[in-house]
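1. Task: produce atomic coordinates for the following.
(chains A and B)
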Protein chains: 2
Amino acid sequence: MTGWSDGFVAVDWGTTNRRAYAIDAAGAVVDEFEDDTGVLSVPTGGFDPALGVLRDRFGAQPMLLAGMVGSNRGWIEAPYVPCPATLADVAAHLCWAEPGRTAIVPGLSFVGGDDADVMRGEEVQILGVQALGLVAEEATICHPGTHAKWIEARAGGIARFRTIMTGELFSLLRQHSILAPMLKEPATPGDAFLAGVDRALAGEALAADLFSVRARILLGIGQAADAGSYASGILIGSDVRSGLATARAGEEIAVVGRPSLTSLYAAAIRRAGHGAREIDGAAAFVAGMRAIAEKIG
Amino acid sequence: MTGWSDGFVAVDWGTTNRRAYAIDAAGAVVDEFEDDTGVLSVPTGGFDPALGVLRDRFGAQPMLLAGMVGSNRGWIEAPYVPCPATLADVAAHLCWAEPGRTAIVPGLSFVGGDDADVMRGEEVQILGVQALGLVAEEATICHPGTHAKWIEARAGGIARFRTIMTGELFSLLRQHSILAPMLKEPATPGDAFLAGVDRALAGEALAADLFSVRARILLGIGQAADAGSYASGILIGSDVRSGLATARAGEEIAVVGRPSLTSLYAAAIRRAGHGAREIDGAAAFVAGMRAIAEKIG
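-> So this is what the prediction gives:
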């Protein structure tokens, strides 16, 4: 068996796809692989062969898996590590699918009063951003996506976080709602997007602002071609307004994720008077997995 | 041709169904009919035969149609009457499909600054509530539904209104979202509903509160059986919080619509410290159509 310090394979295994990175002893990514074998496409009992595809590709190296593969819909359920949690806490609670050889990174939970939240996958990127020294000891980190996360990072760990269903709501509205025919155009961070952000930052109710997308077009105030960006601005603006509520005045926010999304969030965050620094989620993921693997040996 | 004062047929013709009421010279409902011939099910050129079904049932009496039948997806588009609008304004802008015999009630629009909104169908119920003398000269009226309306009623008319997509969002979440498997149970105005209302009234972000429905169950804080009521409480609580923003302190709110929905809204409105009076939407519709018909002759 090869040791972890000789290199390993890091796998970001999500709901609808997975992406694997071969990382050498020096920490460099020397090979990548991606397919659409997300956990929802793997039948009961199908994770051994699904992992086999990666073994065939990468050989006998140790593997570290993160994301929904560790959920109750995944391979083996890796119990949530409660926040506040550090890199060391996460590394100490790896779930070993194959002892010494294949481990699953646990997700994080937060419970405080009546609040309850969970994440699974994003924590690796956040720990990676911290390992790379890209944020201060105390920082607000935004991770946009289907379920956007706003993280309060503290002293090399994650103190608490909140999930906002922005991406999923936008997808539902685009596919199934009365607004669907108006939301075909992709959102871009231009004037219509910023008008939506402004509207949301002013603090109206999200579900009322959304209907205005339709009413504005019916009454000739809004342009149909802009509606996708305007609606995106409303949703992301509402998300950012809520997320910034716990940030320090003027704090620069680290925005980690897919560049197409981080650019929209960064525009909205700047509109709200904060600095924004975009960080590529794939690079943060690799850094986080390296940092966890170093704790193994 | 029969005159309007001898009786007429009032038709509430919506997106997915229609309901007709034969009203006699004394204003009493003497016959009712309902089918699922909503405007979306009527093909191009199909409104004459669709109306024929009503003619066969009710004879040659005058007909007054309201709702989406007057939209750009309906029979004949009846242009919106801008707010502020009174009963007389609406009656003066009927769209005559068959001169003297068959008229369509126009919807209302509101434009103010960057705000724009439309309604089509609910205005009849609101005017009916006013005609019945059920609200004061100045009143806040809530009309829950797929697209909930909050109306500022003034001096026998409608000064302005806002639409909140509460019902549609709940339906999208129930049918298509990650929360769908948890939202099978119907919402009831009990403790779980009120807990959701309280959460929304506290002013968190709607899209964050919604994800908590899932996280609470995953972490054992919430019960799966209660999730539908809790999520409904969050959505209706957010709606009510926004709608009450322009109501007078302690004002009793008239809640007009289907009793299954008005009971949930009334519970949320009372939770927010206001009185609530439930009014059956069907009775309000008939009263509104009678009041409009009286203006015809």
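2. and the closest residue to A:Gly38 other than its chain neighbours, how many residues sit next to it?
-> Spatially, and ignoring its direct neighbours in sequence, A:Gly38 is nearest to A:Thr16 (3.9 Å; CB to CB, 6 or more residues apart in numbering or on different chains). Any C-beta I mention is one placed from the backbone N, CA and C, and that applies to glycine too. For A:Thr16, the count of nearby residues is 12 (other CB atoms under 10 Å in any protein chain shown).
3. Was I right to think A:Ile157 contacts A:Val81?
-> I think there's a mix-up here, since residue A:157 is Gly and not Ile. No - look at A:Gly157 against A:Val81 with CB atoms under 8 Å: they stay out of range, at 10.2 Å.
4. which residues are common contacts for those two?
-> A:Asp89 (CB atoms under 8 Å, 6 or more residues apart in numbering or on different chains).
5. which residues touch A:Ala88?
-> Applying CB under 8 Å, 6+ apart, we find A:Ala88 in contact with A:Lys295.
6. Does it lie in a helix or a strand, and which?
-> Assigned by DSSP states H and E, A:Ala88 belongs to helix A:87-92.
7. From the contact counts, what lies against the helix or strand just after that helix?
-> Using DSSP H and E, the helix or strand that follows helix A:87-92 in sequence is strand A:95-98. Here strand A:95-98 touches strand A:102-104, going by 3 or more CB pairs under 8 Å, 6 or more residues apart in numbering or on different chains; DSSP states H and E.
8. Which helix or strand lies directly C-terminal to the strand it packs on?
-> Next helix or strand after strand A:102-104 toward the C-terminus (DSSP H and E): strand A:108-112.
9. And that following strand, what's buried?
-> A:108-111 (16 or more other CB atoms under 10 Å in any protein chain shown).
10. Can you narrow those residues down to the ones near chain B?
-> A:109, A:111 (CB under 8 Å from any CB of the partner chain).
11. ok, so of the buried residues of strand A:108-112, who is nearest A:Ile141?
-> The closest of the buried residues of strand A:108-112 to A:Ile141 turns out to be A:Leu108 (CB to CB; 13.0 Å).
12. List the buried residues for stretch A:149-169?
-> For stretch A:149-169, by 16+ other CB under 10 Å, it's A:149-154, A:157-158, A:160-169.
13. got it, and stretch A:105-123?
-> A:105-111, A:115-123.
14. Return the alpha-carbon coordinates of stretch A:241-259 using PDB.
-> Below are the C-alpha coordinates for stretch A:241-259, written out as PDB (Å, rounded to 0.1, in the frame of the first residue of the first chain):
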ATOM      1  CA  ARG A 241     -28.200  41.100   2.000                       C
ATOM      2  CA  SER A 242     -28.800  38.300   4.400                       C
ATOM      3  CA  GLY A 243     -25.300  36.900   4.200                       C
ATOM      4  CA  LEU A 244     -23.600  40.300   4.900                       C
ATOM      5  CA  ALA A 245     -25.800  40.900   8.000                       C
ATOM      6  CA  THR A 246     -23.000  39.300  10.100                       C
ATOM      7  CA  ALA A 247     -20.000  40.700   8.300                       C
ATOM      8  CA  ARG A 248     -18.000  43.600   9.600                       C
ATOM      9  CA  ALA A 249     -18.600  47.000   8.000                       C
ATOM     10  CA  GLY A 250     -16.700  47.100   4.800                       C
ATOM     11  CA  GLU A 251     -15.200  43.700   5.200                       C
ATOM     12  CA  GLU A 252     -13.800  42.100   2.100                       C
ATOM     13  CA  ILE A 253     -15.700  38.900   1.400                       C
ATOM     14  CA  ALA A 254     -14.000  35.900   0.000                       C
ATOM     15  CA  VAL A 255     -16.300  34.300  -2.700                       C
ATOM     16  CA  VAL A 256     -15.300  30.700  -3.400                       C
ATOM     17  CA  GLY A 257     -16.900  28.600  -6.200                       C
ATOM     18  CA  ARG A 258     -17.400  28.400  -9.900                       C
ATOM     19  CA  PRO A 259     -16.200  31.500 -11.600                       C
END
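15. Chain B contacts on the stretch 1-150 of chain A?
-> Contact residues, the stretch 1-150 of chain A versus chain B (CB under 8 Å from any CB): A:80, A:109, A:111, A:114-118, A:147.
16. what two of those have the greatest distance between them?
-> Among the residues of the stretch 1-150 of chain A next to chain B, A:Asp114 and A:His147 lie farthest apart (CB to CB), at 19.3 Å.
17. Tell me if the strand or helix carrying A:Tyr265 is near chain B.
-> Per DSSP H and E, A:Tyr265 falls inside helix A:259-271. No - contact of helix A:259-271 with chain B (CB under 8 Å from any CB) is absent, the minimum separation being 13.6 Å.
18. what's in contact with whatever helix or strand comes next after that helix?
-> Next along the chain after helix A:259-271, taking DSSP H and E as the criterion, comes strand A:276-280. With CB under 8 Å, 6+ apart as the test, strand A:276-280 has contacts from A:129, A:134, A:252-256, A:259, A:262-263, A:265-267, A:269-270.
19. which one among those gets closest to chain B?
-> Nearest to chain B among those is A:Tyr265, at 13.9 Å by CB to the nearest CB.
20. ok so, going back, can you name the two of the buried residues of stretch A:105-123 that are farthest apart?
-> Among these, A:Val105 and A:Asp115 lie farthest apart (CB to CB), at 23.4 Å.
21. ranges for the helices of the stretch 51-200 of chain A?
-> Applying DSSP state H, counting those that start in this stretch to the stretch 51-200 of chain A gives helices spanning A:87-92, A:122-131, A:166-176, A:191-201.
22. Please work out which of these is packed deepest.
-> Using mean count of other CB atoms under 10 Å in any protein chain shown, the stretch among the helices of the stretch 51-200 of chain A with the largest mean neighbour count is helix A:122-131, at a mean of 26.
23. List the contacts of stretch A:149-161.
-> With contact meaning CB under 8 Å, 6+ apart, stretch A:149-161 is reached by A:83-87, A:89, A:108, A:110, A:112, A:117, A:119, A:122-123, A:126-127, A:129-130, A:135, A:137-143, A:162-164, A:242-243, A:246.
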